[in-house]
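Chemist: need a 3D model of the following:
(one chain, ligands or ions: 1)
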Amino acid sequence: MTTTDRPGGASKTSQDDALRADENLVTQADVDASIAKYGRDIYHDFDIDDPKFNEHFHDILDDIVEKCPVVKSNKGSGYYLVARQPLVRQVGQDWKTFSSAQGYQPDRPEGLPYLLPEECDPPIHDAWRHALNPFMSPGAVAGYEPVIRQDCNTLIDMFIDRGECEWVSEFGAKLPGWAFFKNVMGVPIDDLDKLVESVERGTFEPPEERPKYFAYIFEYLGNYLADRAKGPSKGEMVDLIAAGVKYEDGEMAPWEDRLSVLVDMVFGGIATTTYVMADGMRYLAENPDQRKRLVEQPELIPRAVEEFARVFPPVVALGRTCTRDVEVAGTQMKKDDFVFLCYAGSSRDPRVVENPTTIDIERETVLHSAFGVGPHRCIGSNLARVELRAVFEEWLKRIPDFRLKDGEDPIWETGILRTMKNLHLAW
Ligand code: HEM
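Modeler: Residues are numbered from 1 along each chain as shown. Just a heads-up that it's a prediction; the model follows:
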């Protein structure tokens with residue numbers, strides 16, 4: 001199956017896409033149906049933190065992608081959201097008009113330090129990405145694979161004889177942290193659980209609560225970075241961060257920027273991959289025929305991993321601030337307005353993906369936006385892919401037959417990120 005053709009085989013051009021991306025199909029009947037079903041008008045009064053969005057995640061995304069080019073929210077000072085793939089691409093690539101320097105979330109809580117390279121624009125962004133990218137290249141991360149596979153087996157050893165586990169806390173929340181800390185950062189894993197919890201709560205607690213969790217992360221990693229700065233370089237990413245990069249004005253990046261880069265890498269490294277793994281595992285537990293297929297044909301796992309990243313996206317939406325008045329798909333945005341790029345919706349856009357609501361672990365080309373678009377495209381995507389392949393391969397070798405534990409329903413949580421709070425598996 002290919003994903004680049006429209007159903008029916010009609011070819012498309014990017015201009016054609018852009019035109020269709022402007023189409024507003026929302027009717028009064030849609031608005032009424034939305035209020036009846038979700039208790040709000042999801043097209044003109046959207047709320048990314050609404051529990052109904054968590055509950056009806058895929059339905060709401062599909063509805064928005066189909067009908068509404070620019071969604072409006074009245075939360076706080078208000079924001080917009082684009083979810084159709086051509087619009088997400090347009091906004092994501094135009095960093096001069098849609099800046100990251102005011103942060104990735106609207107109404108940024110007071111006291112939350114900025115995260116780099118996520119919350120800055122070129123040239124500062126370029127300076128850091130050029131220096132950091134080599135540590136995360138496909139070649140660099142391939143070297144970590146044996147340790148990651150060993151870590152998968154160490155974790156499985158801890159519960160395999162029990163015949164059951166709570167997968168998120170016992171495996172999924174641990175593996176990405178181990179993979180990243182041990183291999184890339186050289187950070188000890190002793191305090192990882194506390195860091196993972198702080199990242200989660202710093203993301204999902206009400207906005208005014210979030211800064212205190214980030215304060216802990218900054219303090220812990222600040223002490224670690226200061227220690228590493230005193231010692232000799234081991235040539236690891238953390239040594240590069242501690243030494244800093246030179247900015248365009250010839251000055252070295254200040255200490256707070258270096259710490260902020262370390263925090264951003266840790267945040268990205270442990271807040272995301274867990275969810276793709278967890279919902280992928282849940283899907284395989286509930287679909288024995290698909291699971292059997294991967295057990296018998298493990299060469300399909302890389303394709304399944306891309307499909308899981310498409311349909312179980314940990315990054316729902318991150319945003320930009322308009323640097324000038326600008327029109328997007330017929331909506332006039334003003335300077336300082338905030339607009340979310342909904343990567344989760346963009347990966348389900350029928351303009352790009354054939355039969356987007358179908359989970360097809362054999363798709364040959366999976367054109368998804370799970371890792372973002374434009375200059376901020378995920379720096380950790382190569383590592384995430386190695387982790388995801390290792391997890392499904394090692395798990396299915398050891399535990400090929402598993403199911404959801406009776407009476408224990410999985411719980412999801414959604415805001416700008418999406419995650420699973422628990423997943424009880426039995427075998
Ligand atoms: C399946 C796993 C992952 C997904 C789906 C994901 C997704 C994303 C997305 C969508 C962005 C773009 C942000 C934007 O547009 O503003 C991003 C950026 C980023 N990611 Fe990931 N990520 C994953 C894993 C990782 C890992 C493993 C790391 C680190 C080891 C990481 C570190 C980062 C960092 C530092 C950025 C900011 C890059 C920049 O602003 O230039 N991510 N990620």
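
Chemist: and the residue positioned nearest the centre of the chain, what does it touch?
Modeler: Using Cα atoms, centre = their mean, the residue of the chain that lies closest to the mean C-alpha position is Val315, 2.8 Å off. Counting by Cβ atoms under 8 Å, 6 or more residues apart in numbering, Val315 makes contact with 272, 343-344, 370, 372, 416-417. All C-beta atoms are positioned from the backbone trio N, CA, C, and that covers glycine.

Chemist: how far away is it from Arg210?
Modeler: Note on Val315: its distance to Arg210, by Cβ to Cβ, to the nearest Å, is 17 Å.

Chemist: list the buried residues of stretch 372-381.
Modeler: By neighbour count with 16 or more other Cβ atoms under 10 Å, stretch 372-381 contains the buried residues 372-374, 376, 378-381.

Chemist: which regions of the stretch 151-300 of the chain lie under the pLDDT threshold?
Modeler: Residues of the stretch 151-300 of the chain that meet the criterion pLDDT under 70 are absent altogether.

Chemist: residues in contact with the residue in it positioned nearest to the ligand?
Modeler: Residue nearest to the ligand within the stretch 151-300 of the chain: Gly268 (2.3 Å; Cβ to the nearest ligand atom). Residues in contact with Gly268, defined by Cβ under 8 Å, 6+ apart, are 118, 378-380.

Chemist: from those residues, which is closest to Ala426?
Modeler: Proximity of the contacts of Gly268 to Ala426, judged by Cβ to Cβ, is greatest for Gly380, which lies at 31.6 Å.

Chemist: mind listing what the closest one touches?
Modeler: The neighbourhood of Gly380, defined by Cβ under 8 Å, 6+ apart, consists of 136, 180, 265, 268-269, 272-273.

Chemist: can you flag the buried ones in the residues you listed?
Modeler: Applying the neighbour count, that is 16+ other Cβ under 10 Å, the buried entries in those are 136, 180, 265, 268-269, 272-273.

Chemist: can you tell me which of these is nearest Leu25?
Modeler: Proximity of these to Leu25 (Cβ to Cβ) peaks at Thr272, which lies at 31.9 Å.

Chemist: list the contacts of the nearest residue to that closest one once chain neighbours are set aside.
Modeler: With Cβ to Cβ, 6 or more residues apart in numbering as the measure, Pro314 is the residue that lies nearest to Thr272, at 4.0 Å, once sequence neighbours are left out. Residues in contact with Pro314, defined by Cβ under 8 Å, 6+ apart, are 271-276, 370, 417-419.

Chemist: got the residues of the protein near the ligand?
Modeler: Taking Cβ under 6 Å from any ligand atom, the part of the chain that reaches the ligand is made up of 104, 117-118, 129, 180, 264-265, 268-269, 272-273, 276, 309, 314-315, 318, 343, 370-372, 376, 378-380, 383-384.

Chemist: cutoff 5 Å now
Modeler: Within the chain, the residues that sit near the ligand (Cβ under 5 Å from any ligand atom) are 117-118, 180, 264-265, 268-269, 272-273, 276, 314-315, 318, 343, 370-372, 376, 378-380, 383-384.

Chemist: okay, now Asp30: neighbour count?
Modeler: By the other Cβ atoms under 10 Å criterion, the neighbourhood of Asp30 contains 17 residues.

Chemist: that one touches Lys67, doesn't it?
Modeler: Yes: in this structure, Asp30 sits in contact with Lys67. The criterion is Cβ atoms under 8 Å, and the distance is 6.2 Å.

Chemist: surely Arg310 forms part of a helix?
Modeler: Yes: Arg310 forms part of a helix when assessed by DSSP: H, G, I helix; E, B strand; the rest coil.

Chemist: how close does the spatially closest residue to it that is not a sequence neighbour sit to His376?
Modeler: Of all residues beyond its chain neighbours, the one nearest Arg310 is His368 (3.7 Å), with distances taken as Cβ to Cβ, 6+ apart. Counting by Cβ to Cβ, the gap from His368 to His376 is 16 Å.

Chemist: Val70 reaches Ala83, doesn't it?
Modeler: No: in this structure, Val70 sits apart from Ala83 without contact. The criterion is Cβ under 8 Å, and the distance is 9.2 Å.

Chemist: quickly list what's touching both of Asp30 and Lys67.
Modeler: Listed contacts common to Asp30 and Lys67 are Tyr43; contacts here mean Cβ under 8 Å, 6+ apart.

Chemist: quick one on the thing from earlier: mind checking which of the contacts of Pro314 are in strands?
Modeler: With strands taken from DSSP state E, the overlap with these comprises 418-419.

Chemist: buried subset of the contacts of Pro314?
Modeler: By neighbour count, with 16+ other Cβ under 10 Å, the contacts of Pro314 hold 271-276, 370, 417-419 as buried.

Chemist: name the nearest residue to Asp257, sequence neighbours excluded.
Modeler: If you skip the residues right next to it in sequence, Asp257 has Leu116 as its closest partner in space, 5.6 Å away by Cβ to Cβ, 6+ apart.

Chemist: before we move on, the earlier item: which of the buried residues of stretch 372-381 fall in helices?
Modeler: Among those, the members falling in helices (DSSP state H) are Ser381.

Chemist: pick out whichever of the buried residues of stretch 372-381 sits closest to the ligand.
Modeler: Distance to the ligand across the buried residues of stretch 372-381 (Cβ to the nearest ligand atom) is lowest for Gly380, with 2.1 Å.
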